[in-house]
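>>> Sequence first, then the predicted structure:
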Amino acid sequence: MKRTILIILVMMMTTAVTLQGQEQPSWYDGWGLGFQVGAGGIFPSGSLSDDFKGCALFTAGINGEYNRLRVKADFAYGQPSFKTPNPYSVIDEQGRDLQLNASSNPALVGLGVQVGYTVLRLGKVSLTPMLGLSWNHMTWNLNHIKYKTDDQGEERPVIDNVTGTSQSSVGWMASVDIDIRLHGKVVDHPLSSSGQGHYASSLRISPFVTHVKCSDLVPPVKGCCVGLTVSYAGLFHSIAVHD
């Protein structure tokens, strides 16, 4: 039994050393500039889920790196659905709705800026926790309702006019970038007029959570939106020159 345990430990240590030796120093050395584009989904929690449903997201962004440090800016677009037709709770004395959504799917635009540090590089996989701020902005239309009496003497809702409205929120954001390297090659003049660099492409899987608060809705809602994006990421890295 002791011999078996010793053999297993030696195999584990050998495997770890082998995997560490698979790192590509030229991929990580120096500073670099990259981009990502992809898609995913987002789902609300807390009281946010009382008013909104989840939706698909389309994302794009840029990022800069220096050794293990990463700074990333992301843009996201989606169309979440309302669960309630009267989010501002505008009613008359009889409790009838005086505002209704003219569009059930508001346009959601999100911007995020995060800073992270790569804590793990194992073979072709790297792990980078990220933390920062996000700004989310939704726009949609409202039907303003009034009630008229028809020929039968019954009151019926009629659209008086339609106006646009919006809701914005600033909150914290956290994510983890799991990069799986696809390929890489040396290129000439990637970021400057001289020298060589290294271009690497990766499959980037990013689970994230962001805090959202909508104070203008009645009642106000807040909570965390959790989501996941899958992106193609490209990165130009400078190659360190050693004399």
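Perfect, I can see it now.
>>> And the helices in this structure, which stretches?
Shown for the chain, the helices assigned by DSSP state H span residues 2-20, 25-28, 48-51.
>>> Against Gly116, how distant is the nearest residue to Thr84 once chain neighbours are set aside?
Excluding the flanking residues, the one nearest Thr84 by CB to CB, 6 or more residues apart in numbering is Asp51, at 5.4 Å. Heads up, the C-betas are built off the backbone N, CA and C, glycines and all. Using CB to CB, to the nearest Å, we find Asp51 at a distance of 31 Å from Gly116.
>>> For those two, work out which one has more neighbours and name it.
Of the pair Asp51 and Gly116, Gly116 is the one with more neighbours under other CB atoms under 10 Å, namely 22 against 18.
>>> So for the more buried one, what's the nearest residue that isn't a sequence neighbour?
With sequence-adjacent residues excluded and distances taken as CB to CB, 6+ apart, Gly116 is closest to Met130, at 3.6 Å.
>>> in the sheet, who's paired with the one you found?
Taking DSSP bridges as the rule, Met130 bridges to Gly116, Ser175.
>>> got a list of what it touches?
Residues in contact with Met130 (CB atoms under 8 Å, 6 or more residues apart in numbering) are 70, 72, 114-116, 174-177.
>>> Turn those into a markdown table, columns for pLDDT and distance to Ile42.
Converted to a markdown table, the contacts of Met130 look like this (pLDDT from 0 to 100; distance: CB to CB, whole Å):
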| residue | pLDDT | distance to Ile42 |
| --- | --- | --- |
| Arg70 | 96 | 22 |
| Lys72 | 97 | 17 |
| Gln114 | 98 | 16 |
| Val115 | 98 | 21 |
| Gly116 | 97 | 20 |
| Ala174 | 97 | 14 |
| Ser175 | 97 | 12 |
| Val176 | 97 | 16 |
| Asp177 | 97 | 17 |
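>>> Buried ones from those residues, can you make that a ChimeraX selection?
Burial among these is assessed by 16 or more other CB atoms under 10 Å; the matching ChimeraX selection reads:
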select :70,72,114,116,174,175,177
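>>> from the contacts of Met130, which is closest to Trp135?
Of all the contacts of Met130, Trp135 sits closest to Gln114, with 12.4 Å by CB to CB.
>>> Quick check: Gly32 touching Ile62?
No - taking CB atoms under 8 Å as the definition, Gly32 is not a contact partner of Ile62, at 11.3 Å.
>>> Look at those two and report which has more neighbours.
Comparing Gly32 with Ile62 by other CB under 10 Å, the one with more neighbours is Gly32, at 23 against 13.
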